[in-house]
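*Asks:* Any chance you can model this:
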Amino acid sequence: MTDETTEQPLLIHDEDGVRIMTLNRPQARNAVNLELATAIDAAVTELDERNDLRVGILSANGPTFSAGMDLKAFLRGERPLTPGRGFAGLVEKPPRKPLIAAIEGPAVAGGFEIVLACDLVVATEKTFFALPEVKRGLVAAGGGLLRLPGRIPYHVAMEIALTGEPMTAATAREYGLVNRMAPEGEALAVANELARSIAANGPLALAVTKRILQESPAWPADEAFQLQSDLCDPVRSSSDAKEGARAFTEKRPPVWTGA
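*Replies:* Numbers count the residues shown, from 1 in each chain. Purely as a prediction, here's the structure:
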């Protein structure tokens, strides 16, 4: 790895519709400073804007996925927030397109909140999660307290948040927080396999499917099907929908255009 690459806080690799974004501050346990947050914001914004990209993966270099906010930068007065997306350039407004976390090692504090902003999670036996903010007299305000009770049982989320103690990947898997377990060193490979299976599908359908899954729990029951129809109708009438049906009848892979 060249010195130039080493200095980049976020590495980006695009291939076959998948964007891999790698946190690249291993010397700081991939703690998030403003430079990294800004880079993540730009990367996920471009992920949404480009028709050739359908799925994102967040991974990290080094033995720690992320230790959360860079406290040294915080003490210097820096805040790793970006307008509209908040902490890490991500947690307040994740991308429209599916995002997978590929985790090796700990994901704690803001690092766990980054994971919770993702749609799918791949971890290894050495992965663990924690919201230790209360141990420091702080509150996990980067989405951890907002999202965790929706991902695991309420009382389990309460224990994790109030004690600040870690949860292993195996336990997280039992509660449904982790989609797939990978051998040590293989989280990115397993996440990439999962991403490619998603990227093979229609991009408009993927984005709307994710949106419905995220937003529908807050919809009034008597309006849910109408709200769903409002989102689905443009997909149903799209060129991609016609291509999907045509490819099925012609027994060939579809060629999506995102239109």
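
*Asks:* Phe129 in helix, strand or coil?
*Replies:* Classification of Phe129 using DSSP: H, G, I helix; E, B strand; the rest coil returns strand.

*Asks:* Give me the distance between it and Pro166.
*Replies:* Computed as Cβ to Cβ, to the nearest Å, the Phe129 to Pro166 distance reads 7 Å. C-beta: built from backbone N, CA, C; applies to glycine.

*Asks:* same question, Gly77
*Replies:* The gap separating Gly77 from Pro166 is 30 Å, by Cβ to Cβ.

*Asks:* Tell me which of the two has more neighbours.
*Replies:* Pro166 (17 against 6; other Cβ atoms under 10 Å).

*Asks:* How many neighbouring residues does Arg180 have?
*Replies:* Neighbours of Arg180 (other Cβ under 10 Å): 16.

*Asks:* Which neighbours do Phe129 and Pro166 have in common?
*Replies:* 106, 108 (Cβ atoms under 8 Å, 6 or more residues apart in numbering).

*Asks:* For the lengthiest helix in the chain, give me every contacting residue.
*Replies:* The longest helix of the chain (DSSP state H) is helix 34-49. Residues outside helix 34-49 that contact it (Cβ under 8 Å, 6+ apart) are 8-10, 12, 19, 21, 23, 25, 30, 53, 56, 70, 73, 78-82, 85, 87-90, 94-97, 99.

*Asks:* Repeat the analysis, applying 6 Å as the threshold.
*Replies:* Contacts to helix 34-49, defined as Cβ atoms under 6 Å, 6 or more residues apart in numbering, come from residues 9-10, 12, 19, 21, 53, 56, 78, 80, 82, 85, 88-90, 95-97.

*Asks:* per-domain residue ranges of this protein.
*Replies:* Residue ranges for the domains of the chain, per automatic domain parsing: 3-199, 203-249.

*Asks:* what's the most buried one of those domains?
*Replies:* Mean neighbour count (mean count of other Cβ atoms under 10 Å) peaks for domain 3-199 among those, with a mean of 19.

*Asks:* and that domain, average pLDDT?
*Replies:* Summarised as a single mean, pLDDT over domain 3-199 is 95.

*Asks:* In contact with Val18, which residues are there?
*Replies:* By Cβ under 6 Å, 6+ apart, the neighbours of Val18 are 55, 195, 199.

*Asks:* and the residues you listed as CSV, adding secondary structure and distance to Gly244?
*Replies:* Converted to CSV, these look like this (DSSP: H, G, I helix; E, B strand; the rest coil; distance: Cβ to Cβ, whole Å):
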residue, secondary structure, distance to Gly244
Val55, strand, 17
Ala195, helix, 20
Ala199, helix, 14
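
*Asks:* out of those, who's nearest Thr64?
*Replies:* Closest approach to Thr64 among the contacts of Val18 (Cβ to Cβ): Ala195, at 22.1 Å.

*Asks:* Just to check, the closest one is in contact with Leu53?
*Replies:* No: Ala195 is beyond contact range of Leu53, at 10.6 Å (criterion: Cβ atoms under 6 Å).
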